[in-house]
Structure formats: structure tokens, C-alpha cells
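[1] sequence first, then the predicted structure:
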Amino acid sequence: MATKNLDITGKVCPYCLLAVQKAVASLNSSDVLVISCDHPPAATTTIPKFAEDSGMTVESKKISSGLWEIRLTKK
């Protein structure tokens, strides 16, 4: 199980989702992708929906005003 970090702060959709899709493609089973994101639509809707639709486990938390940490675990 490896953990990879992806910082997409300062980016907007569709770049956010494209960057996550690219990073997820390189994950192995049980790997975790930790995403830092400050774009509310991507952090609260787009990325979690993509991950759930792809069969991944999603944990999302707001770590400060306007900043989220999203943890995706590939099954």
C-alpha cells in the first residue's frame, strides 16, 4: 500500500478532475491518493462522485477555510 499526494490548489475544473483521473490510473490496489483542493465544486462534488463511481473509498474533510483534503483508496 503506497500513499501518493496530489496538490491541485489554485486549479479549477476540468483540470482538477483530469489531474485526479491521471493520478488514479497509476495507483495499484489498496493505494491511497491524498488530494489537497481549494475548488469547492471539485472538492465536494466532482472528485468524490468520480471516485465513488470508480469503486474507490472516499474520505473528505475540510481542513481549513476553503481547503479540503480528499483521500481516495483504490480497491
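    It's in.
[2] got a pLDDT number for residue 40?
    Here, the pLDDT recorded for residue 40 equals 96.
[3] neighbours around the closest residue to it other than its chain neighbours, how many?
    In this structure, residue 40 finds its nearest non-sequential neighbour in residue 66, 7.6 Å apart by Cβ to Cβ, 6 or more residues apart in numbering. No exception for glycine: its C-beta is placed from N, CA and C like everyone else's. By other Cβ atoms under 10 Å, the residues close to residue 66 number 12.
[4] surely residue 66 touches residue 38?
    Yes - at 5.3 Å, residue 66 counts as touching residue 38 under the criterion of Cβ atoms under 8 Å.
[5] any idea how far the closest residue to residue 37 other than its chain neighbours is from residue 60?
    Counting by Cβ to Cβ, 6+ apart, residue 37 lies nearest to residue 43, which is 4.3 Å off, once chain neighbours are set aside. Look at residue 43 and residue 60: by Cβ to Cβ, to the nearest Å, they are 7 Å apart.
[6] shared neighbours of these two, which are they?
    Taking Cβ atoms under 8 Å, 6 or more residues apart in numbering as the contact rule, residue 43 and residue 60 both touch 68, 70.
[7] more crowded one of those two?
    A count of neighbours by other Cβ under 10 Å puts residue 43 above the other of residue 43 and residue 60, at 23 against 16.
[8] pLDDT score assigned to the more buried one?
    At residue 43, pLDDT is 96.
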